[in-house]
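Trainee: next input, structure requested:
(one chain, ligands or ions: 1)
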Amino acid sequence: MVQPINISTIKIGLIGTGLMGLPMATRLIAANVPLVVYNRTVEKLEPLRSTGAEIATSVIDLLQSCQGVMTMLTNADAIREMLLSEEARPYLNDRTVIQMGTIAPSQSHHIQDEIMAAGGTYLEAPVLGSISEVNAGKLQVMVGSTPEQFDRWLPILQHFGIPMRIGEVGSASALKLALNQLIGSLTTAFALSLGFVQAQGVEVETFMQILRKSALYAPTFDKKLQRMVDNNYDHPNFPTKHLLKDMTLFLDEAIALGLQVDSLAGVRKILEIACDSGLADADYSALFAAVKGERMKNEE
Ligand SMILES: NC(=O)c1ccc[n+]([C@@H]2O[C@H](COP(=O)([O-])OP(=O)(O)OC[C@H]3O[C@@H](n4cnc5c(N)ncnc54)[C@H](OP(=O)(O)O)[C@@H]3O)[C@@H](O)[C@H]2O)c1
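Mentor: Okay, here's the model as predicted:
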């Protein structure tokens, strides 16, 4: 029988204090979880210094003191750079890595294999929701693991929301990408209709009134409407470049599965245009600027 971890006897590590990692760390510290944090860019650890978090000087320093290590990093390359360097590998022995960023299922499997070859164990726990859901403890935490790993690490994961075990490693990454495909496709579809009604001279509020009463409506439309109408993509929770990353991951996996992905290839193109026009770090609703294209230039 596998025992849940006892946070009064072990330390937990978190690598990556970006947009999501920072509030996740803050939440764990507020719950008195003994947390050790590390981030490549040291300045991003500053807000945590006064909160009682232990700051590691390197990944190896963190691995030496923590039995369980969460990663909230951009992509698989970043995870490799942090954990799978020649120097860090020996320190993975007897450690558990909980991968929480959005990566492809195939990448998750490869990382698991390498961590296990180094004597560690691995599970994935990607999340749906953003900074406000972290702060409210309402992330949807999708876990790809054995049932025993799920039970063991639940005391940590449940600080972020209600974790659900999806299946083995790979299953949660796949589900997360499927959901993000909807973020990209729904937002692009909405942006195109919004741009169209604006260009045709139909009142945006009239469009929304009809849409809200119909089965076509998705709440995400209203979440992004004001930003699009105002062309205001500052202070992102989820930047355009990360949505582009996720559409690319989805496309690669879906093509390998023999799915027809032309519609999503169009979405990716729009996100590429947005990123190339300087909106990579803006809120992903900036894809509306790319949808408007030449029209937008005329408005300026
Ligand atoms: N933002 C959201 O709403 C949201 C929601 C769900 C899931 N996600 C996913 O969660 C992950 C993190 O997202 P985020 O929004 O927190 O991203 P972010 O703000 O861009 O932070 C990315 C983190 O990864 C680190 N990093 C990137 N490349 C690295 C490398 N080569 N070596 C070492 N560290 C590296 C960054 O370190 P530096 O500070 O040194 O650059 C930073 O700590 C992504 O996979 C994203 O798709 C995001």
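Trainee: can you give me the buried ones in stretch 151-169?
Mentor: 151-154, 156-157, 159-161, 163, 165-166, 168-169 (16 or more other C-beta atoms under 10 Å). No exception for glycine: its C-beta is placed from N, CA and C like everyone else's.
Trainee: that one: how far from the chain's middle?
Mentor: 16 Å (C-alpha atoms, centre = their mean, to the nearest Å).
Trainee: please renumber the chain so that the first residue is 140 from this point on.
Mentor: From this message on, residue numbering opens at 140, which makes the last subject stretch 290-308.
Trainee: let me know whether that stretch sits next to the ligand.
Mentor: No - judged by C-beta under 6 Å from any ligand atom, stretch 290-308 makes no contact with the ligand; its nearest approach is 10.8 Å.
Trainee: so how far is residue 217 from whichever residue of the chain sits closest to the ligand?
Mentor: In the chain, the residue that lies nearest the ligand is residue 157 (2.0 Å; C-beta to the nearest ligand atom). Separation of residue 157 from residue 217 (C-beta to C-beta, to the nearest Å): 10 Å.
Trainee: tell me which of the buried residues of stretch 290-308 fall in strands.
Mentor: Using DSSP state E, the members of the buried residues of stretch 290-308 that fall in strands are 304-305.
Trainee: would you point out the most distant pair within the buried residues of stretch 290-308?
Mentor: 298 and 307 (23.5 Å; C-beta to C-beta).
Trainee: pLDDT of stretch 376-386, averaged?
Mentor: For stretch 376-386, the mean per-residue pLDDT is 97.
Trainee: for that stretch, the distance to its chain's centre please.
Mentor: Worked out by C-alpha atoms, centre = their mean, stretch 376-386 lies 9 Å from the chain centre.
Trainee: and it, does that touch the ligand?
Mentor: Yes - against the ligand, stretch 376-386 shows contacts by C-beta under 6 Å from any ligand atom at 376-377, 381.
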